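In: model this:
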Amino acid sequence: MSQHDMVIDNQAGAAFRADLNSALGAIATNQAGSGEPNPSYPFQFWADIGAGVLKMRNSANNAWIKLGLLGATNFGLIQPGAIVFHAKNVVPAGFLKCNGGVVPRNIYADLFAEIGTTFGVGDGSTTFNLPELRGEFIRGWDDSRGIDVSRGFGSAQAQGERTHYHAIQYNIYGLGGGGSNITIVNSSTDSATTTGGETRPRNVALLACIKY
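Out: Numbering: from 1, shown residues only. Reported below is the predicted structural model:
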């Protein structure tokens, strides 16, 4: 991609024309590529095709600001660490599957800065784990409300069923002449139909993804 510091030096003839053409070429290509433009300048745009993100240089010229996803119809920025459910079984650009996988900390530095080792330390130095959401329901973190107490943020919870009781209906006839026999002639209990090894509500299976 074309690069230029957007400063036209005081020079004559062919050198001036070459410098000007280089600056115009950088503008024409919109500084698109997988490598960071160097040199950079304040408020410079960069289409980072490697990450699929449009970025702009900040006013101090020391960091890139993410503006949005390239090719997205909704140009709003989704922050790293945001989890979405995708209505396709293929992960979209700019996201990773929430499959508990181990990924490099340096390549996914923005995501690591957000979630750290909440979902696993990886190898303890160069990698970290993604959330594992395959086959899981999502529950809002209690955050001291007292409904789902003693839960650590990001922790998993096994299935369970609240303590409950089932009524038994029965009829008995009176004792015989000797007072020693009781005959139960009608009894019934509540019944339930089981469908497997878990209790669950109606649901739809979608692909859980996390923004990096």
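
In: Show me the shaky parts of the chain.
Out: Low-confidence segments of the chain, defined by pLDDT under 70: 1-3, 28-30, 71-77, 169-195.

In: Going by length in residues, pull out the top helix of it.
Out: Assignment by DSSP state H gives helix 13-29 as the longest helix of the chain.

In: just how off-centre is that one within its chain?
Out: Centroid displacement of helix 13-29 relative to its chain, using Cα atoms, centre = their mean, to the nearest Å, is 43 Å.

In: Just checking, which helix or strand succeeds that helix along the chain?
Out: strand 32-33 (DSSP states H and E).

In: For that following strand, which strands pair with it and how are they oriented?
Out: strand 45-48 (parallel) (DSSP bridges).

In: related to what we said a few turns ago, mind listing what's buried along the longest helix of the chain?
Out: Neighbour counts over helix 13-29 (16 or more other Cβ atoms under 10 Å) mark Asp19, Ala23, Ala26 as buried. From N, CA and C alone the C-beta is placed, and that goes for glycine too.

In: distance of the second one from Gly146?
Out: When distance is defined by Cβ to Cβ, to the nearest Å, Ala23 is 62 Å away from Gly146.

In: contacting residues around Trp141?
Out: Neighbouring residues of Trp141 by Cβ atoms under 8 Å, 6 or more residues apart in numbering: Arg151, Phe153.

In: what about it, distance to Gly100?
Out: Counting by Cβ to Cβ - Trp141 and Gly100 are separated by 19 Å.

In: for Pro131, same thing?
Out: Using Cβ to Cβ, one obtains 7 Å as the distance from Pro131 to Gly100.

In: what is in contact with the two at once?
Out: Common neighbours of Pro131 and Gly100 (Cβ under 8 Å, 6+ apart) are Phe119.
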